[in-house]
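**Student:** any chance you could fold what I've pasted below:
(one chain, ligands or ions: 1)
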Amino acid sequence: MINVTKSYLPDKEKYQGYVDKIYDNCWLTNNGPIAQELEKRLREYLGVKHILLVSNGTVALQIAYRVLGLTGEVITTPFSFVATTSTLVWEGLKPRFADINKETLCLDPNNITEKINPNTSAILPVHVFGNACDIDKIQAIAKENNLKVVYDAAHTFDVSYKGKSILNYGDASTLSFHSTKLFHTIEGGAIIFNSEEHYNKAKKIINFGLSGPEDIEFLGINCKMNEFQAAMGLCVLDDLQKIKNGRKRAYDWYIENLQHMKTLEFQKGNEESTQNYAYFPVIFQSEEVLLKVKSELNNNGINPRRYFYPSLDTLNYLKHREYMPVSNDISKRILCLPMYDSLREEDITRICNIIKGVISHNSI
Ligand SMILES: *Cc1c(COP(=O)(O)O)cnc(C)c1O
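**Tutor:** All right, here's what the predicted structure looks like:
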C-alpha cells in the first residue's frame, strides 16, 4: 500500500533516549526542558525571532486570530485544507473568499481589494503546497487598508522568500507539525509572531491566561505542546536534510516521468522562494480523467488524495455564500500524488505509468 504520505519515524533508540530523560525529569508538559530546546532549535533553524509551540496547527490559527484581535470579516482563500476556514468560523469570524490564481493556486491579490469593507480586519492567505503567495502585493494591500495579515504557513516549513524565512512576513504565520507534514511532532504546531508583545501574550493564552500561579491575567485556553511531542520534533529535526533530499529525489523522478504529458498541468512555483517538496499536485484535463486515474491507482494499492476538494466556499456551515469559479474548477481536477522521502523510483515509475495509461486510453 502506498499512501499520499508516510509519517517519518526517526531512530527508535534516539527517541527512547528522550523518553528516558522525560522519566528522569518527571516533567511531562507545561513548557518543559525538551519543549524549550525544540523552540530554541526551531528559532535558529528557521531563522525567526518569536516562535511559540502549540498542540496543533489548527489552534495555532485560532490563537493567532485572538492575539491579533481580529474581528468581523477576514479575507481568505477557498483553496486550502478545511482548517483555514473552519478556524475563522469557530472563532466567530466571517470568512470572505477571494478567488485563487489558476497557475499558482494561491490567493490572487487582484481579487482581494473588492472584498474589503469597513468590517474587514485581516487577510488570511495560504502558501498552498509550499508555494509562496504574492507576499509583496498582499502586504501592500494590507498596509494601505490597515489590515492584519496571518499566513497559514502549514505547508511552508523551511521555505525562504527573497532570501529570508517566509515565516517572517505578515503579523503572524502558523505551522502544522501533524505527523503527515514535512516536519512533525506527532501532533503539533507553532505560531511565529512579528512582535514580541504578541508572542508574550500568546504564551499566556495557551496556558489558561495565567501569568503566575495565582494570577489569571486574561481569558485563556490550554493548547501547550508536551514533552513527548517535542522529543519527536527534536529527533525529526536531526534528520531533516535526509528527509528533504529524499523528497527532492522523488519530485525530480515525477517531473522526469510526467513533464512531457501535454494534458497535465503543474502548480507554477513562485520564483522568489525556495521549494520544500512537501506535496506533488497534478491537475488533469477534467474531473472525469481524475476519477479514472484515482480509481486505477486505488486498484493498484496506491492512494493519492484529492487535496483540496471540495472548494471551501461550498462548505455547508457557511452563512454567506460566494461561488469561487477558479477554486472550484481546480479543486475538481487536482490530485496529490504520493510524496515522502522513502518513496522509491520504481514506485514512482509505476504510478506515472498508470497515469499515462489512463490518459492515453482516454484520448483514443
Ligand atoms: C494541516 C493543515 C492545518 C491544520 O494543522 P493540524 O496540525 O492538522 O491541526 C491547517 N492549515 C493547513 C493548510 C493544513 O494543511
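**Student:** switch to C-alpha atoms for all contacts and neighbour counts from now on
**Tutor:** OK.
**Student:** residue contacts, Lys40?
**Tutor:** If a contact means C-alpha atoms under 8 Å, 6 or more residues apart in numbering, then Lys40 has no contacts.
**Student:** and it, that one's in a helix?
**Tutor:** Yes. Lys40: assigned to a helix according to DSSP: H, G, I helix; E, B strand; the rest coil.
**Student:** quick check: closest non-adjacent residue to the residue nearest the centre of the chain.
**Tutor:** Residue closest to the mean C-alpha point of the chain, counted by C-alpha atoms, centre = their mean, is Ala154 at 2.1 Å. Excluding its sequence neighbours, the residue lying closest to Ala154 (C-alpha to C-alpha, 6 or more residues apart in numbering) is Leu175, at 4.2 Å.
**Student:** just Lys162 next, same as before
**Tutor:** Excluding the flanking residues, the one nearest Lys162 by C-alpha to C-alpha, 6+ apart is Glu272, at 5.3 Å.
**Student:** residues near the one you found, how many?
**Tutor:** By the criterion of other C-alpha atoms under 10 Å, Glu272 has 13 neighbours.
**Student:** how close does it get to the ligand?
**Tutor:** 21 Å (C-alpha to the nearest ligand atom, to the nearest Å).
**Student:** so that residue touches Tyr161, yeah?
**Tutor:** Yes. Taking contacts as C-alpha atoms under 8 Å, Glu272 lies within contact range of Tyr161: 5.6 Å.
**Student:** where does the stretch 251-364 of the chain have low pLDDT?
**Tutor:** Within the stretch 251-364 of the chain, the ranges that satisfy pLDDT under 70 run 364.
**Student:** for it, which segments count as helices?
**Tutor:** All helices of the stretch 251-364 of the chain, identified by DSSP state H, counting those that start in this stretch, fall at 287-299, 325-333, 345-362.
**Student:** save these as CSV, and put in mean neighbour count and distance to the ligand too.
**Tutor:** As requested, the helices of the stretch 251-364 of the chain are exported to CSV (neighbours: other C-alpha atoms under 10 Å; distance: least, C-alpha to the nearest ligand atom, whole Å):
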stretch, mean neighbour count, distance to the ligand
helix 287-299, 17, 21
helix 325-333, 20, 14
helix 345-362, 16, 23
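**Student:** residues contacting Arg333?
**Tutor:** Going by C-alpha under 8 Å, 6+ apart, Arg333 touches Ile283, Phe284, Gln285, Ser286, Glu287, Leu290.
**Student:** show me the two of the residues you listed that sit farthest apart.
**Tutor:** Longest distance between any two of the contacts of Arg333 is 9.3 Å, between Ile283 and Glu287; criterion C-alpha to C-alpha.
**Student:** in this structure Val89 contacts Pro95, no?
**Tutor:** Yes. The pair Val89 and Pro95 qualifies as a contact (C-alpha under 8 Å) at a distance of 7.1 Å.
**Student:** more crowded one of the two?
**Tutor:** Pro95 (27 against 16).
**Student:** what's the nearest residue to that one if we skip its chain neighbours?
**Tutor:** Val74 (5.2 Å).
**Student:** tell me the contacts of the one you found?
**Tutor:** Leu88, Leu93, Lys94, Pro95, Arg96, Thr120, Ser121, Ala122, Ile123, Leu124.
**Student:** secondary structure element holding it?
**Tutor:** Using DSSP states H and E, Val74 sits within strand 73-76.
**Student:** chain center to that strand: distance?
**Tutor:** Strand 73-76 has its average C-alpha position 18 Å from the chain's average C-alpha position, going by C-alpha atoms, centre = their mean, to the nearest Å.
**Student:** who does the closest residue to the ligand within the stretch 151-300 of the chain form a beta bridge with?
**Tutor:** Residue of the stretch 151-300 of the chain nearest the ligand, by C-alpha to the nearest ligand atom: Ser176 (4.1 Å). Listed by DSSP bridges, the beta-bridge partners for Ser176 are Gly189.
**Student:** got the helices of the stretch 251-364 of the chain as CSV, with distance to Phe81 columns?
**Tutor:** Compiled in CSV, these are given as follows (distance: least, C-alpha to C-alpha, whole Å):
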stretch, distance to Phe81
helix 287-299, 19
helix 325-333, 11
helix 345-362, 24
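**Student:** out of those helices, which comes closest to Asn245?
**Tutor:** Closest among the helices of the stretch 251-364 of the chain, using C-alpha to C-alpha: helix 345-362, at 13.5 Å.
**Student:** who are the packing partners of that closest one?
**Tutor:** Helix 345-362 sits against helix 240-258, helix 287-299, with contacts defined as 3 or more C-alpha pairs under 8 Å, 6 or more residues apart in numbering; DSSP states H and E.
**Student:** in CSV, list the ones you listed along with distance to Phe183.
**Tutor:** Converted to CSV, the helices and strands packed on helix 345-362 look like this (distance: least, C-alpha to C-alpha, whole Å):
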stretch, distance to Phe183
helix 240-258, 7
helix 287-299, 27
